[in-house]
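Participant: Here you go, sequence then predicted model.
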Amino acid sequence: MNSPIPPTPVPVPPAARPPASYRALGWLLAVPALLGTLITLVLPTVQTIVLSLHSGGVLQPSRFVGLDNYGKVLGGEEFWRALGFTLSLTVGPLLVAVAVGPLLALALDRGGALVRRAGLVVSSLAIVTFSPIGVAAAWLRGTSPDGPGIATLAEGLRDPATAPGTLRLVVVAATFGVVCALALTAFLPALRGGTAGRATVVVGVLVALATVAVGAQAFSIGMALTRGGPERATQTLAGLQYDFAFRMAQFGPGAAVAALTGVLLGVLGVVAVVAAVAARLRVTVLPERDRRGAFPGSDPGRARAGGGVAAGAVALVLVVAVGLVCAWPWISGVLAGGDGAASGGLRAQVNTWVPAVAGALVSVGVAYLAALGIGGLRPLGARSEWLLLPFAPWLFVGTGPLGVADWQNMRNLRLVDTFFALFPPLLVSVPALLVLTLLCKGLAERNDRDFFGGVLLPSLPMAGVLAGAVTLVNAQDVLWPLLVAQSPELFTVPVAQMGRLGGFHGVPDVGASTPLVVVVVALAAVVAAQLRYLDRLAVSVNGSRPARTSP
């Protein structure tokens with residue numbers, strides 16, 4: 001009997017078994033993110049917990065009271081009502097994200113290159129023009145006698161019985177376009193990764209968790225429209241924290257609300273990271289398309305089969321039509337114009353965009369270095385993605401839950417009411433770290449070139465895309481600049497708009513927070529990124545991947 005021939009061993013790709021020097025470099029690149037997380041996330045979290053165990057604050061000496069603040073918060077009706085209402089605000093956007101988003105992505109994917117690219121251009125416009133305070137200002141125009149169309153729904157915000165339902169409708173309408181756009185950006189890559197069904201499910205879980213987490217920190221639209229009223233009927237968790245800590249100067253209860261919100265966000269973040277790592281999620285960049293708009297190896301006639309082009313076009317037209325109806329208050333407000341000087345003028349624009357850009361470059365840059373180390377150089381080999389777990393509790397945490405501690409730190413450093421205080425207090429963007437790590441992982445596993453050409457260069461555009469996204473988020477944030485800037489000369493545009501909404505000066509310039517020059521530049525950049533880069537991304541799970549070709 002012939003002895004069996006032993007199978008030929010399959011060589012391990014270099015990216016999966018990097019040299020010891022590469023693994024050491026991977027650890028080194030992760031150090032800035034670890035330090036940034038420790039300084040601007042872990043320590044403020046610990047400070048928040050410590051503050052929640054004390055009474056007093058700015059006006060009274062601080063003293064240890066143990067769990068009394070938690071007893072006060074959890075034993076009162078306000079917290080539970082705010083929690084329930086906050087979670088109810090997430091229901092509408094959540095349905096749009098996990099139902100409309102994947103269906104639209106599927107329709108556009110089957111509609112062919114032209115329909116898909118038209119959808120990406122439209123979604124880019126929704127992303128760059130979204131401004132929570134601008135939208136809120138536009139909806140408040142509906143309370144005037146000559147309010148435009150659908151904006152007249154805002155009349156219901158005046159009655160405690162109808163205000164909660166009205167605000168839920170306003171939030172769904174105000175966020176419909178941007179939620180559809182972001183969901184489309186997330187789901188389209190899952191359809192071209194080789195495991196469309198499983199990848200779509202995993203992406204759907206991550207999108208759902210992110211939507212709930214963002215909604216749990218809702219502050220701007222509700223504060224601008226109702227300020228938690230009437231009769232606290234529309235109070236959110238972020239609004240309750242703000243009232244305790246900064247309106248009533250009770251840091252203890254405010255920090256307790258912040259800590260409880262942080263626990264919720266921490267659980268969501270850990271679940272998201274575990275889901276992504278356990279599913280072996282990876283992102284990669286596919287080759288350039290040929291003239292027919294199809295990827296190499298794909299079927300260019302697929303879009304036409306079964307009326308795919310018509311179905312995709314109809315789906316896009318329907319979503320755009322609904323989006324235009326929902327956005328009409330904002331569109332009419334922008335067309336109506338307003339006094340730009342009343343929103344701070346050029347000085348406010350500088351206060352808004354300079355810190356936003358600088359904060360994004362730092363936080364995403366630090367995250368990118370760590371992603372190259374963890375995902376690209378693989379210091380723990382196949383288990384390297386589990387190094388994201390220490391960052392996971394802060395995946396979805398914004399400035400709100402850490403606002404009490406961060407404000408106290410700024411006050412202790414005597415930086416409150418200075419230009420430096422306007423810079424975002426986070427040194428590392430954990431969402432960017434997750435996305436970039438999964439991308440670097442996917443590139444490293446299919447890399448047939450050196451690290452520079454196979455991982456760093458193909459991932460660099462994504463770092464730029466995320467830096468732009470974080471810039472837009474920073475610029476439209478109202479909570480942090482509201483806390484640290486009392487002088488009108490330091491107001492950002494959203495803060496100036498909110499101040500005008502709270503006075504007796506009428507509705508401010510709705511489009512001030514999205515000036516034309518910013519929209520044009522951002523739109524050009526986002527459209528280019530969508531068509532030239534994001535439309536080439538593929539998401540796969542459980543070891544499956546697209547054809548192994550160099551990007």
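Facilitator: All right, it came through fine.
Participant: So, low pLDDT: which residues of the chain?
Facilitator: Applying pLDDT under 70 to the chain flags residues 1-21, 57-59, 145-148, 289-306, 338-344, 448, 502-507, 543-551.
Participant: Please save the CA atoms from stretch 266-274 in PDB.
Facilitator: What follows is stretch 266-274, C-alpha atoms only, in PDB (Å, rounded to 0.1, in the frame of the first residue of the first chain):
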ATOM      1  CA  GLY A 266     -20.000  51.800  27.000                       C
ATOM      2  CA  VAL A 267     -22.200  48.700  26.700                       C
ATOM      3  CA  LEU A 268     -23.200  49.600  23.200                       C
ATOM      4  CA  GLY A 269     -19.500  50.300  22.300                       C
ATOM      5  CA  VAL A 270     -18.300  47.000  23.700                       C
ATOM      6  CA  VAL A 271     -21.100  45.000  21.900                       C
ATOM      7  CA  ALA A 272     -20.200  46.800  18.600                       C
ATOM      8  CA  VAL A 273     -16.500  46.000  18.800                       C
ATOM      9  CA  VAL A 274     -17.000  42.400  19.900                       C
END
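Participant: ok, and for it, which residues are buried?
Facilitator: 266, 268, 269, 272, 273 (16 or more other CB atoms under 10 Å). Backbone N, C-alpha and C define where each C-beta goes, glycine included.
Participant: Residue 427 versus the last one, what's the distance?
Facilitator: Spatial separation of residue 273 from residue 427 under the definition CB to CB, to the nearest Å is 19 Å.
Participant: can you check the third one too?
Facilitator: Distance, residue 269 to residue 427, using CB to CB: 17 Å.
Participant: picking up where we left off before, dump the buried residues of stretch 266-274 to a markdown table, plus distance to residue 414.
Facilitator: Conversion of the buried residues of stretch 266-274 to a markdown table gives the following (distance: CB to CB, whole Å):
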| residue | distance to residue 414 |
| --- | --- |
| 266 | 31 |
| 268 | 35 |
| 269 | 33 |
| 272 | 38 |
| 273 | 37 |
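Participant: Which one of those is nearest to residue 85?
Facilitator: residue 268 (18.3 Å; CB to CB).
Participant: For that closest one, what is the enclosing helix or strand?
Facilitator: helix 251-278 (DSSP states H and E).
Participant: Which neighbouring elements make contact with that helix?
Facilitator: helix 43-52, strand 54-55, helix 68-74, helix 196-216, helix 237-242, helix 403-412, helix 430-445 (3 or more CB pairs under 8 Å, 6 or more residues apart in numbering; DSSP states H and E).
Participant: Partner strands of the next helix or strand along the chain from it, with direction?
Facilitator: Counting by DSSP H and E, the next helix or strand C-terminal to helix 251-278 is strand 282-285. If you go by DSSP bridges, strand 282-285 pairs up with strand 537-540 (antiparallel).
Participant: Burial check on residue 476, number of neighbours?
Facilitator: 21 (other CB atoms under 10 Å).
Participant: got the contact list for the closest residue in space to it that isn't next to it in sequence?
Facilitator: Spatially, and ignoring its direct neighbours in sequence, residue 476 is nearest to residue 131 (5.3 Å; CB to CB, 6 or more residues apart in numbering). Residue 131 sits next to 476, 494, 513, 514 when contact means CB atoms under 8 Å, 6 or more residues apart in numbering.
Participant: Ok, residue 214 next?
Facilitator: Contacts for residue 214 (CB under 8 Å, 6+ apart) come out as 90, 396.
Participant: could you redo the last one with a cut-off of 10 Å?
Facilitator: 90, 93, 97, 175, 179, 182, 265, 396, 398 (CB atoms under 10 Å, 6 or more residues apart in numbering).
Participant: Quick check: the last one vs residue 188, distance?
Facilitator: Residue 398 sits 26 Å away from residue 188, taking CB to CB as the criterion.
Participant: And the fifth one, by the same measure?
Facilitator: To residue 188, residue 179 is 15 Å away according to CB to CB.
Participant: Looking at those two, which one has more neighbours?
Facilitator: Each of residue 179 and residue 188 has its neighbours counted (other CB under 10 Å); residue 188 has more, 27 against 24.
Participant: which residues touch the more buried one?
Facilitator: Residue 188 makes contact with 101-102, 104-106, 108-109, 116, 119-120, 123, 203, 530, 534-535, 537-539 under the criterion CB under 10 Å, 6+ apart.
Participant: Shouldn't residue 375 be within a helix?
Facilitator: Yes. Remark: residue 375 belongs to a helix, assigned using DSSP: H, G, I helix; E, B strand; the rest coil.
Participant: Provide a list of residues in contact with it.
Facilitator: Residues near residue 375 by CB under 10 Å, 6+ apart: 26, 282-283, 384-385, 387-388, 433-445, 455, 459.
Participant: Restrict the residues you listed to the buried ones and give me that as a PyMOL selection.
Facilitator: Applying 16+ other CB under 10 Å to the contacts of residue 375, the buried members can be selected in PyMOL as follows:
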select buried, resi 26+282+283+384+385+387+388+433+434+435+436+437+438+439+440+441+442+443+444+445+455+459
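Participant: first to last residue in stretch 52-67, what's the distance?
Facilitator: Start-to-end span of stretch 52-67 (CA to CA, to the nearest Å) is 8 Å.
Participant: ugh, typo on my part, it should be stretch 440-455
Facilitator: 6 Å.
Participant: what do you get for stretch 223-240?
Facilitator: 11 Å.
Participant: List the buried residues for it?
Facilitator: Counting neighbours by 16+ other CB under 10 Å, one finds that the buried residues in stretch 223-240 are 223-228, 232-240.
Participant: Quick check: of those, which lies closest to residue 65?
Facilitator: residue 240 (19.0 Å).
Participant: Please identify the buried residues of stretch 453-463?
Facilitator: Buried residues in stretch 453-463 (16+ other CB under 10 Å): 454, 455, 456, 458, 459, 461, 462, 463.
Participant: Could you dump those into TSV with distance to residue 34 and secondary structure added?
Facilitator: Shown next, in TSV, are those (distance: CB to CB, whole Å; DSSP: H, G, I helix; E, B strand; the rest coil):
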residue	distance to residue 34	secondary structure
454	26	helix
455	21	helix
456	21	helix
458	25	helix
459	20	helix
461	25	helix
462	21	helix
463	18	helix
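Participant: In TSV, list the residues you listed along with distance to residue 415.
Facilitator: Converted to TSV, those look like this (distance: CB to CB, whole Å):
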residue	distance to residue 415
454	43
455	38
456	36
458	39
459	35
461	35
462	33
463	29
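Participant: out of those residues, which one sits closest to residue 60?
Facilitator: residue 463 (46.1 Å).
Participant: ok, the closest one - contacts?
Facilitator: 361, 364-365, 367-369, 371-372, 432, 435-436, 439, 456.
Participant: what's the answer for residue 174, then?
Facilitator: Residue 174 touches 93, 130-132, 134-136, 138-139, 167, 221, 225, 326-327, 329-330, counting by CB under 10 Å, 6+ apart.
Participant: quick check, it in a helix?
Facilitator: Yes. Counting by three-state DSSP, residue 174 falls inside a helix.
Participant: Count the neighbours of residue 51 for me.
Facilitator: Counted by other CB under 10 Å, the residues lying close to residue 51 total 26.
Participant: Ok, residue 194 next?
Facilitator: So residue 194, with other CB under 10 Å, has 16 neighbours.
Participant: contact partners of stretch 319-326?
Facilitator: 96, 100-101, 103-104, 107-108, 118-119, 122-123, 125-126, 135, 149-150, 169-170, 172-178, 180-181, 184, 331.
Participant: Please pick the buried ones from those residues.
Facilitator: Buried subset of the contacts of stretch 319-326 (neighbour count, 16+ other CB under 10 Å): 96, 100-101, 104, 107-108, 118-119, 122-123, 125-126, 135, 150, 170, 172-178, 180-181, 184.
Participant: hmm, back to that, out of the contacts of residue 174, which comes closest to residue 211?
Facilitator: residue 93 (5.6 Å).
Participant: wait, is residue 447 part of a helix?
Facilitator: No. Judged by three-state DSSP, residue 447 forms no part of a helix; its state is coil.
Participant: Settle this for me: it is touching residue 454, isn't it.
Facilitator: Yes. Applying CB atoms under 10 Å, one finds residue 447 in contact with residue 454, separated by 3.5 Å.
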